[in-house]
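K.L.:
Test case, fold it:
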Amino acid sequence: MSVRVGILGATGAVGQRFIQLLDDHPIFELAAVTASPESAGLSYREAAKWRVDTAIPDDVAEMEVVATEPAAIADADVDLLFSSLPSSVATEVEPPFLEAGYVVSSNSSNDRMAGDVPLTIPEINPDHLGLIDVQRDERGWDGALVKNPNCSTITMVPTLAALDEFGLEAVHVSTLQAVSGAGYSGVTSMEILDNAIPHIGGEEDKMETESRKLLGSFDGAELSLHDADVVASCNRIPTLDGHLENVFADLADDPEPAAVRDAMRAFESADLSSSPDQLIKVFGPDEPDRPQPRLDRMYADGMGIVAGGVESTTKGVQYNCLAHNTIRGAAGASILNGELLVEEGYV
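P.N.:
Numbers count the residues shown, from 1 in each chain. Here you go, the predicted model:
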């Protein structure tokens, strides 16, 4: 089975990850790439300042970049679109594609918390795709919009889902986030070298709200947020890729650290092409200094979550978790949602 796909905003940092991850994908065939009007009409090689650590696939390098509008891809016979647009642009650009009948798996942050938009991690809440039916009824379009969460949220939530069996009540998290999360022009070298920045605009709110939506329950018509309190402090540090997070989880039960490690290791993955066999890799007490971004961000080709440093606290447990922010936390997450959309018959 081959599904023809397109990328909205294909020349940026996340767009380039999409290109890399879609090369030789077992299901998806790249058929269209879009970008700003300035890039339209150029070959992808000419339009993109390529920065990914593998070469541009030869067939993509010579593809013509087209404008980001439905008419420009009308002849490409695309079944599914991946969006890596800035949220300010996506707010205006995504709706015309949805009205035109396209299914869009989007990494952009707009509409993530909308009541009729699935915010999905396939291993966590695949049933939330049922919101698509609500969305189509309420908005009157033939297409469908699915979002993946913020890169810092997606690092933590799988571990919280594993802990929910112990009665998850509250979460405090402090993040150490890589510079690639800000995009290629997001943080200058003079700002970040020999430094750490203890604030990332909007990031704390995304972690605090998206986590509760992802862990919430869907009754077929309406989604209810998880009732755990989530408080986040987000920090930028001078690592290239890989978000490391220090999590303190309050639990109703009082599990031993070994039970917490076992629950994380046993948490079920998804039966999809891009999902790892074991979603969460967990380091034991003999390796308290892991995970580390440089050593562990490429676990499961960058699509897995890594945890360690599990210890008991007076209210629950503390631990560290890590994921590759532009693979699992961005392009790879959208591709995985695309695979779920195919599996569930929405594409």
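K.L.:
Can you mark which positions in stretch 89-101 are buried?
P.N.:
Val89, Ala90, Val93, Glu94, Pro95, Phe97, Leu98 (16 or more other C-beta atoms under 10 Å). To be clear about C-beta, it is placed using only N, CA and C from the backbone, and glycine gets the same treatment.
K.L.:
nearest to Asn107, of these?
P.N.:
Asn107 has its nearest neighbour among the buried residues of stretch 89-101 in Ala90, at 8.9 Å by C-beta to C-beta.
K.L.:
who's in contact with Val347?
P.N.:
Val3, Asp79, Leu80, Val103, Gly338, Leu341 (C-beta atoms under 8 Å, 6 or more residues apart in numbering).
K.L.:
average pLDDT across stretch 70-89?
P.N.:
For stretch 70-89, mean pLDDT is 95.
K.L.:
Can you give me the buried ones in that stretch?
P.N.:
Applying 16+ other C-beta under 10 Å to stretch 70-89 flags 70, 72-73, 76, 78-85, 87, 89 as buried.
K.L.:
One more: stretch 199-213?
P.N.:
Within stretch 199-213, the residues that count as buried by 16+ other C-beta under 10 Å are Ile200, Glu203, Glu204, Lys206, Met207, Glu208, Thr209, Glu210, Ser211, Arg212, Lys213.
K.L.:
how about Ala249, what does it touch?
P.N.:
Each residue near Ala249 by C-beta under 8 Å, 6+ apart is listed here: Leu160, Leu163, Leu168, Ala170, Val171, Gly316, Val317, Gln318, Tyr319.
K.L.:
hmm, I was thinking of Pro149
P.N.:
Arg112, Leu119, Ile121, Val157, Lys206, Glu210, Ser211, Leu214, Ala333.
K.L.:
could I get the residues you listed as TSV with pLDDT?
P.N.:
Listed next are the contacts of Pro149 as TSV, based on pLDDT from 0 to 100:
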residue	pLDDT
Arg112	97
Leu119	98
Ile121	98
Val157	98
Lys206	97
Glu210	98
Ser211	98
Leu214	98
Ala333	98
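K.L.:
just checking, which of those residues belong to helices?
P.N.:
Taking DSSP state H as the definition of helices, these contribute Val157, Lys206, Glu210, Ser211, Leu214, Ala333.
K.L.:
Could you report the distance from the second one to Lys49?
P.N.:
Distance of Lys206 to Lys49, given as C-beta to C-beta, to the nearest Å: 27 Å.
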